[in-house]
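> I would like to see how this sequence folds:
(2 chains, ligands or ions: 1)
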Amino acid sequence: MGLFDGDIMKYEDWNKISRIASRKSLWMVHFCTGCGAIELPPVMTSRYDMERFGMGPMATPRQADVLLITGYLTVKTLKRVVNVYEQMQSPKYVISFGSCPINGGMYWDSYNTVKRLDRYLPVDVYVGGCMPRPEGVMNAFLELMKLIDEGKARGWEKYQKYYEQYKRNQKMAFNFEREKDEGA
Amino acid sequence: MKALELIGKGEEMHGRAYIKSDKEEASSIIKKLKENGFDHFVMLSCVDWIDNNEFELVYHLWSYEHKEHVMVSIILPRDNPSMSSMHELFPQIETYEREIHEMYGVDFEGNNRLTPFMLEGWHDMPPMRKDFDSKKFAEDVFDSIPEIKEEEDEGI
Ligand code: SF4
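From the prediction side, this is the model:
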């Protein structure tokens, strides 16, 4: 009975329509970490103008769909990022910029940056480079829209499904000292 | 150079005055410089000369009047380094002292804000000391965090 289970429209069809709608109005949280924040003003303003894809900056995570991780993340920032991510409403997507969130980048041996973002948050699209140019960033947005269209951008579902694993990893990063002390 | 004339010692180094001093003398030198036009405190930096087993604190001052940069350098032993705080002379020194206390473990007597500053929940050795093995630390902490194990995807 109802809209979703076959009476009016099949669930898959409904899903498809909602995906088409959501990919055309992606709003991103204004949350910048690391060096990549510098590449965003040209992307947002008239030079590359991401408004033409229906993307815009949004000041509050509760109304945003995309979280951009624009560079290296320290453990301290990761705490805030997780807070922001969990406040966002589903469906939500994560794009990570640069080599730092992929494998640590030039901070591979640093004591305070987390090396691989995908162990703490589900990432939908990676942009390589140190730092990616605005063209690369635009390309990532288009890629994300394509993935949404095909129903492949499912990071947020993964986060729900493997919530315990993500939480465990986050806690390990936040409490590394305490765990070490207890272990010793 | 003006600063060298004022203090009566030191040398010129890359266009800057470089004055070596010791713990006791330093605050009087900086006070004298401040009273004679060097009234911009630029920064306080610290160098870890691990081979000589010493820390070098460098107080950088600038004078708009003489257009001159002066560095006052103090050598401290690496074990239990301590220095007297100079935040009465320039209030902003307090922040630099907090940072150096956190990153190098140098104690500043008279500064009562030496609380945790930028690092959150840090209990290891101060991380900017050269004997802190950043690579090993990163391997221990971050490589031990497991990947997310996913089951086979079955589509939406
Ligand atoms: S990938 Fe390069 S540009 Fe990006 S945050 Fe890391 S160091 Fe900075």
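
> chain B contacts on chain A?
By the rule Cβ under 8 Å from any Cβ of the partner chain, the part of chain A lying against chain B is A:15, A:75-76, A:79, A:104, A:108-112, A:114-116, A:118-119, A:122, A:151, A:154, A:157-158, A:162, A:165-166, A:169, A:172-178, A:180-181. All C-beta spots, glycine's among them, are computed from the backbone N, C-alpha and C.

> who touches B:Ser134 in this structure?
With contact set as Cβ atoms under 8 Å, 6 or more residues apart in numbering or on different chains, B:Ser134 has these partners: A:Asp109, A:Ser110, A:Tyr111, B:Pro127.

> poorly predicted segments of chain A, please.
Along chain A, the parts satisfying pLDDT under 70 run over A:1-7, A:176-184.

> element containing residue 17?
Using chain A here. The secondary structure element spanning A:Ile17 is helix A:11-23 (assigned by DSSP states H and E).

> looking at chain B here, not the other one
Going by DSSP H and E, B:Ala17 is in strand B:16-21.

> and that strand, which strands flank it?
For strand B:16-21, sheet partners with direction are given as strand B:11-13 (antiparallel), strand B:68-77 (parallel), following DSSP bridges.

> and the contacts of stretch A:142-151?
Counting contacts by Cβ under 8 Å, 6+ apart, the residues outside stretch A:142-151 that touch it are A:15-16, A:19-20, A:22-24, A:26, A:53, A:66, A:91, A:93, A:95, A:124-125, A:153, B:155-156.

> pull out the buried residues from these.
Neighbour-count burial (16 or more other Cβ atoms under 10 Å in any protein chain shown) applied to the contacts of stretch A:142-151 gives A:Arg19, A:Ser22, A:Arg23, A:Leu26, A:Phe53, A:Val66, A:Pro91, A:Tyr93, A:Ile95, A:Asp124, A:Val125, A:Ala153.

> in strands only, show me the residues of chain A next to chain B.
In strands, defined here by DSSP state E, the members of the residues of chain A next to chain B are A:Val114.

> got a ChimeraX select line for the buried ones in the residues of chain A next to chain B?
Selecting only the buried members of the residues of chain A next to chain B in ChimeraX, with burial defined as 16+ other Cβ under 10 Å, works like this:
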select /A:75,76,79,104,109,110,111,112,114,115,116,118,119,122,154,158,162,165,166,169,172,173,174,176
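
> what about the helices in chain A?
In chain order, chain A shows helices spanning A:11-23, A:40-44, A:75-87, A:100-103, A:134-150, A:155-161, A:163-174, A:176-183, with DSSP state H as the criterion.

> deepest of the ones you listed, which one?
Relative to the other members of the helices of chain A, helix A:100-103 carries the highest mean neighbour count by mean count of other Cβ atoms under 10 Å in any protein chain shown, namely a mean of 22.

> relative to B:Glu65, which of the helices of chain A is closest?
Using Cβ to Cβ as the measure, helix A:40-44 is the one of the helices of chain A that comes nearest B:Glu65, at 38.8 Å.

> quick one: is that closest one near the ligand?
No: among the residues of helix A:40-44, none lie within reach of the ligand under Cβ under 6 Å from any ligand atom; the closest is 12.2 Å away.

> starting at the chain centroid, how far to that helix?
Average the C-alpha atoms of helix A:40-44, do the same for its chain, and the two points are 17 Å apart (Cα atoms, centre = their mean, to the nearest Å).

> surely B:Val47 is in a strand?
Yes: the assignment for B:Val47 by DSSP: H, G, I helix; E, B strand; the rest coil puts it in a strand.

> so what pairs up with it in the strands?
According to DSSP bridges, B:Glu56 are recorded as the beta-bridge partners of B:Val47.

> contacts only, for it.
With Cβ under 8 Å, 6+ apart as the criterion, the residues that contact B:Val47 are B:Phe55, B:Glu56, B:Val58.

> likewise for A:Tyr93?
A:Tyr93 makes contacts with A:Leu26, A:Asp65, A:Val66, A:Leu67, A:Asp124, A:Val125, A:Leu144, A:Ile148, A:Ala153, A:Gly155, A:Trp156, as judged by Cβ under 8 Å, 6+ apart.

> do A:Trp156 as well
Applying Cβ under 8 Å, 6+ apart, one finds that A:Trp156 lies in contact with A:Ser90, A:Pro91, A:Lys92, A:Tyr93, A:Pro122.

> residue ranges with poor pLDDT in chain B?
Low-confidence segments of chain B, defined by pLDDT under 70, span residues B:153-156.

> now do the helices in it.
Along chain B, the segments classed as helices by DSSP H run B:2-7, B:23-35, B:93-104, B:134-142.
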